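1. structure for this input, please:
(chains A and B)
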Amino acid sequence: MKGKAAYRAALPLLVIALGASILLAVTIGSTKIPPQDVHKVVLYHLGLRGVGEPEGAVSDVVWLIRLPRLILAAGVGAALSVSGLVMQAVVRNPLADPYVLGVSSGSYLGAVLAILLGIGGAFGGNAAGVMAFIGAFAVSLSVAALASIGGRSSTVKLLLAGMAMSAVCSAFSNFIVYRTRDASSVQAVLHWMMGSLGAAQWRTNAAILFVVTLCTLFFYSQFRSLNLMLLGDEAAATLGTDARRRRIVYLLISALMVGFAVFSAGMIGFVGLVVPHAMRMLSGSDHRRLIPLCALSGAIFLVWADVLCRVVIPGAELPIGILTAMIGAPCFVYLMARRKYGFGGDA
Amino acid sequence: MRVQAEGLRVQIGGAEILRGVSLEAKSGEFVGIIGPNGSGKSTLLKCLCRVLQPVRGSVSIGGAALASMTYRESAKRVAVVAQHAPAGFDFTALEMALLGRAPHKRGLERDGARDYEIARAAMETVGLAGLEERTFSTLSGGERQRVLLAQALTQQTPCLLLDEPTNHLDIHHQLRLMEIVKSLGVTVIAAIHDLNLAAAYCDRLYVLRDGEMAASGAAGDVLTRALIRDVYGVDAEILRSRAGGNHIAFSKIVEF
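-> Have a look, this model is predicted:
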């Protein structure tokens, strides 16, 4: 049992690696702070008052800026990876990612409406995020509804409905962007599209972590059905699972989780595509192993991606979506080039 | 477990594929469905495992209506060997066999030692011991077909449906598969192309033509020169083999 042994070893290692990554990453930033001071702040806020009260400015940088951002990175990374994994099973296609069924264009439209037309101003500071969440979820609902017209949903109907909704939303968004004469707000849309974890706060983090944990646990509980889905609807039915009904439920729960990720960090591509495939290489196609593996490694991946974003250009920050694509795409090509892993098919 | 289908009607894309087909398999009986391409054999099997819902008619298994069962319940009664594969993804041969345990598992319950035992035994029964860790996509067509049989065996159901089970198999493994299935003592309903194989192993045969039952009964009574000529449009001779069975030798196509 190669896959099983690898899994048993990898799981605790990944938990330790995630903890270590966050503790290491929190010492890295544009403001030079000695690592022992950084960890003093973390320990102090975690309730260990014995370490002594840290200096105010240092405390603010570490506790209010750096750490929330890393926690958000971990949460969003886990959300995108698990969601990518689930969507690949839902549409039974290894090329799927969290955004495949119109989520990206839906959230794009939401953000464009908020940033360029000021719709949703009542949602306050992160109106773009809220509108993007609404856009993503509304499009997923429409895709689910469209795919169910004329009988039960199939993977092909889902993909076609997703493409149609994507085209419509992109067209409207592009029209609005095209008609906007104000270059700076167009710049804002562009910036938003490329993703950033800069707006992280403890309060929203708590909500996001809660949703991501809940959704991930839900998908973990569905591992058997996810496995059966890979065999196709007919085989799944004869093995005791109504894949057609579950597919819609999974799609919506995945959209909820991705919606929260988009709300807090914009669009971050490639994580949800590359991480699931990397984990399949490690431990095979069994979702009982893949869900925890993807959640943990996705979290670690995005923590380090965010660190790189902050240090790669001195004095400036690279949008994380650009970085994940820059790292992710070559990784993906490497996976493809390794003949041993044929993405499951007969390569 | 007794399987009974009554007056099944199925329409696909406006075409009537089954026009009121009835079928019965008694407990432990090996029933074959034969008929030319497009006669509705696979469609009939799909109705028996609720992959397709007939517009009319009903199926009962062990006295209970199939349509009123949950998918899990029906999967505990009927296992299917058809041509399915995890397109785009890959499982190992043993993982594929283990998926047969799915209907017996609740929620978060993991595959235990007992499940592995059953799956490994099934792999051995179909002659694939040693290939457990090979990935499904790297197996030959015949090996894949046997993995799917192992999956159905792992499901441990009182009824087994086979859709062209001997596809991709060489003659040795064709006979072996039929022997394995026969030896299980469960109710078997199989759609079979090879008339000689059907004649040799099936207790009774149903002959489908254009979505209707053309004939049914014991193989020796059903497979006559006249019926083969009538249903398949082929001239055949029924020979007596030394072992005492009938053997059909096909000679030429006759125009309808």
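2. is there proximity between stretch A:320-332 and chain B?
-> No: if you take CB under 8 Å from any CB of the partner chain as the test, stretch A:320-332 misses chain B, and the best it gets is 15.3 Å. (Glycine included, C-beta is placed from N, CA and C.)
3. buried stuff in that stretch?
-> Neighbour-count burial for stretch A:320-332, counted by 16 or more other CB atoms under 10 Å in any protein chain shown, picks out A:320-321, A:323-325, A:327-328, A:331-332.
4. export stretch A:244-257 to CSV, keeping only CA atoms.
-> Output of stretch A:244-257 as CSV, limited to C-alpha atoms (Å, rounded to 0.1, in the frame of the first residue of the first chain):
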residue,chain,number,x,y,z
ARG,A,244,-26.8,13.5,-10.1
ARG,A,245,-28.4,14.9,-7.1
ARG,A,246,-25.3,15.1,-5.0
ARG,A,247,-23.4,16.9,-7.7
ILE,A,248,-25.7,20.0,-7.3
VAL,A,249,-25.3,20.0,-3.5
TYR,A,250,-21.5,19.8,-3.9
LEU,A,251,-21.4,22.5,-6.5
LEU,A,252,-23.3,24.9,-4.2
ILE,A,253,-21.3,24.1,-1.1
SER,A,254,-18.1,24.5,-3.0
ALA,A,255,-19.3,27.8,-4.4
LEU,A,256,-20.0,29.0,-0.8
MET,A,257,-16.5,28.2,0.2
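5. where's B:L223 relative to B:S42, distance?
-> Separation of B:L223 from B:S42 (CB to CB, to the nearest Å) stands at 21 Å.
6. so can I have a markdown table of the buried residues of stretch A:320-332 showing secondary structure, distance to A:R66 and pLDDT?
-> Shown next, in a markdown table, are the buried residues of stretch A:320-332 (DSSP: H, G, I helix; E, B strand; the rest coil; distance: CB to CB, whole Å; pLDDT from 0 to 100):
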| residue | secondary structure | distance to A:R66 | pLDDT |
| --- | --- | --- | --- |
| A:I320 | helix | 15 | 91 |
| A:G321 | helix | 20 | 89 |
| A:L323 | helix | 18 | 90 |
| A:T324 | helix | 20 | 90 |
| A:A325 | helix | 24 | 87 |
| A:I327 | helix | 21 | 84 |
| A:G328 | helix | 24 | 82 |
| A:C331 | helix | 26 | 80 |
| A:F332 | helix | 30 | 77 |
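7. now, among those residues, which is nearest to chain B?
-> Of all those, chain B sits closest to A:F332, with 15.3 Å by CB to the nearest CB.
8. give me the nearest residue to that closest one, chain neighbours excluded.
-> Ranked by CB to CB, 6 or more residues apart in numbering or on different chains and with sequence neighbours excluded, the top spatial neighbour of A:F332 is A:V274, at 5.4 Å.
9. just say helix, strand or coil for the one you found.
-> Assigned state for A:V274: helix (three-state reduction, DSSP: H, G, I helix; E, B strand; the rest coil).
10. quick one: neighbours of it, just the number.
-> 26 (other CB atoms under 10 Å in any protein chain shown).
11. OK, contacts around it?
-> A:V274 makes contacts with A:328, A:331-332, A:335, as judged by CB atoms under 8 Å, 6 or more residues apart in numbering or on different chains.
12. how near is it to chain B?
-> Shown here: A:V274 relative to chain B, a distance of 16 Å by CB to the nearest CB, to the nearest Å.
13. list the buried ones in the helix or strand where A:F210 lies?
-> A:F210 is part of helix A:202-221 when elements are defined by DSSP states H and E. Going by neighbour count (16+ other CB under 10 Å), the buried part of helix A:202-221 is A:204-205, A:208-209, A:211-212, A:215-216, A:218-220.
14. what distance separates the helix or strand following it from the centre of its chain?
-> Sequence-wise, the next helix or strand downstream of helix A:202-221 (DSSP H and E) is helix A:223-229. Using CA atoms, centre = their mean, to the nearest Å, the mean C-alpha position of helix A:223-229 is found 21 Å from that of the whole chain.
15. now for the helix or strand following helix A:223-229, which elements pack on it?
-> With elements assigned by DSSP H and E, the helix or strand that comes after helix A:223-229 is helix A:233-238. If contacts are counted by 3 or more CB pairs under 8 Å, 6 or more residues apart in numbering or on different chains; DSSP states H and E, helix A:233-238 sits against helix A:223-229, helix A:243-265, helix B:71-77, strand B:78-81.
16. partners of the shortest one in the sheet?
-> Each strand that strand B:78-81 pairs with, and the sense of that pairing, follows from DSSP bridges: strand B:159-163 (parallel).
17. specify the beta-bridge partners of the spatially most central residue of chain B.
-> Centroid-nearest residue in chain B, with CA atoms, centre = their mean: B:L162, separated by 1.1 Å. Beta-bridge partners for B:L162, by DSSP bridges, are B:V81, B:A190.
18. check contacts around it.
-> Contacts of B:L162 by CB under 8 Å, 6+ apart are B:80-81, B:181, B:188-192.
19. now flag whichever of the residues you listed is closest to A:I149.
-> Closest approach to A:I149 among these (CB to CB): B:V80, at 28.6 Å.
20. excluding chain neighbours, what is closest to that closest one?
-> Spatial nearest neighbour of B:V80, excluding adjacent residues (CB to CB, 6+ apart): A:T238 at 4.2 Å.
21. doesn't B:V81 make contact with the one you found?
-> No: between A:T238 and B:V81 there is no contact under CB atoms under 8 Å: 9.5 Å.
22. comparing these two, which residue is more hemmed in?
-> Neighbour count, other CB under 10 Å: between A:T238 and B:V81, A:T238 has more, with 31 against 25.
23. okay, now the domains of chain B?
-> B:3-223, B:224-256 (automatic domain parsing).
24. relative to A:M193, which of those domains is closest?
-> domain B:3-223 (28.9 Å).
25. gap between the two ends of the closest one?
-> 23 Å (CA to CA, to the nearest Å).
26. related to what we said a few turns ago, the buried residues of helix A:202-221: which ones sit near chain B?
-> A:Y220.
27. what ranges do the helices span in the stretch 1-150 of chain A?
-> Ranges of helices within the stretch 1-150 of chain A are A:2-25, A:35-45, A:56-59, A:67-90, A:103-117, A:127-148, based on DSSP state H, counting those that start in this stretch.
28. my bad, should have said the stretch 101-250 of chain B
-> Taking DSSP H, counting those that start in this stretch, the helices of the stretch 101-250 of chain B run over residues B:113-125, B:141-154, B:171-183, B:195-201, B:219-222, B:225-232.
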